[in-house]
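Participant: kindly return the folded structure for what I paste below:
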Amino acid sequence: MAPPAPPRPELRVYLLVKDLQRQFAAYLGTPTRARGYPPFAGEHSLIVEVAPALAIERVTDLALRAVPTVEPGILFVERQFGVLEVHGPDLADVERAGRAILAGLHADPADQLRPRILFSDVIEDLTDRQAVIINRNRGGSMVIPGDALGVCEVTPALFATVAANEAERAAPGVTLVDVSMIGVAGRIYLAGQAADVAKAQHAMADVLAAVEGRDHGGASDAGA
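Facilitator: Here you go, the predicted structure:
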């Protein structure tokens with residue numbers, strides 16, 4: 001008897017991030033994030049997460065075989081989930097790669113999980129000691145004592161990407177301090193003038209609220 005067919009991979013995240021902003025594009029290109037081809041400001045990015053994790057290799061094959069001109073920036077196989085980021089200067093190419101992925105998975109963008117904000121806060125007039133300890137753990141630029149610090153935690157983690165990019169677009173004066181984007185929960189650290197940080201926080205909430213998807217539930221959503 002033939003072995004049973006494996007279950008169809010679950011589409012957890014399907015994100016088209018248009019017009020990458022300067023800080024976020026540079027952040028995506030850092031070695032701790034992208035070990036492939038770094039993106040540039042103004043390019044467009046597609047970020048996909050599936051479960052089980054190894055199914056991301058099939059997703060990568062679907063995208064790059066269909067559109068060889070898009071560049072893979074992130075390919076990450078973690079314990080539960082697999083993550084792929086591809087980008088390019090031509091939005092139509094990136095969208096075409098996305099359609100190839102969806103067709104191969106027999107999925108629709110609305111099959112992804114709906115983002116959920118777990119926590120959001122603005123801390124004004126940051127103390128020097130807290131600034132030091134944040135800067136020792138950051139992945140982006142430094143936070144300065146006296147800045148306002150905006151923090152946001154969202155699940156699934158990859159939605160931190162579109163939130164951070166939209167925050168920078170809405171408030172170009174903010175500093176992108178760190179973006180954690182792999183795992184179950186994503187975390188964003190922004191700093192700057194209180195008004196700019198508040199504007200960025202509102203922009204993040206708005207862009208996440210506009211995402212269509214299914215409700216959370218099931219074993220693969222429970223923990224990393």
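Participant: please count neighbours and contacts with C-alpha atoms only from this point.
Facilitator: Fine.
Participant: nearest residue to residue 155 in space, please, no chain neighbours.
Facilitator: The shortest distance from residue 155 to any non-neighbouring residue, by C-alpha to C-alpha, 6 or more residues apart in numbering, is to residue 185 (4.5 Å).
Participant: what is the burial count for the one you found?
Facilitator: Close neighbours of residue 185, defined as other C-alpha atoms under 10 Å, add up to 20.
Participant: for it, phi and psi?
Facilitator: phi -120, psi 140 (degrees, to the nearest 10).
Participant: same thing with residue 38?
Facilitator: Dihedral angles (degrees, to the nearest 10) for residue 38: phi -70, psi 140.
Participant: can you tell me how far the nearest residue to it once chain neighbours are set aside sits from residue 39?
Facilitator: Using C-alpha to C-alpha, 6+ apart and skipping the chain neighbours, the partner closest in space to residue 38 is residue 29 (4.3 Å). Look at residue 29 and residue 39: by C-alpha to C-alpha, to the nearest Å, they are 6 Å apart.
Participant: same question for residue 134.
Facilitator: 26 Å.
Participant: give me the more crowded residue out of those two.
Facilitator: residue 39 (26 against 17).
Participant: and the more buried one, which of the three is it?
Facilitator: Secondary structure, DSSP: H, G, I helix; E, B strand; the rest coil: residue 39 is coil.
Participant: correct me if wrong: it contacts residue 88.
Facilitator: Yes. Judged on C-alpha atoms under 8 Å, residue 39 makes contact with residue 88 at a distance of 7.4 Å.
Participant: need the residues touching each of residue 29 and residue 39.
Facilitator: residue 73 (C-alpha atoms under 8 Å, 6 or more residues apart in numbering).
Participant: what pLDDT does the model give residue 217?
Facilitator: With respect to pLDDT, residue 217 scores 68.
Participant: ok, now residue 2?
Facilitator: Predicted confidence (pLDDT) for residue 2: 64.
Participant: again with residue 164
Facilitator: pLDDT, residue 164: 97.
Participant: can you count the residues close to it?
Facilitator: 27.
Participant: secondary structure element holding it?
Facilitator: When elements are assigned from DSSP states H and E, residue 164 belongs to helix 159-170.
Participant: test my guess that residue 97 contacts residue 59.
Facilitator: No. With contact defined as C-alpha under 8 Å, residue 97 and residue 59 do not form a contacting pair (9.8 Å).
Participant: residue 28 and residue 161, how far apart?
Facilitator: From residue 28 to residue 161 the distance is 9 Å (C-alpha to C-alpha).
Participant: same check on residue 1?
Facilitator: Relative to residue 161, and taking C-alpha to C-alpha, residue 1 is found at 45 Å.
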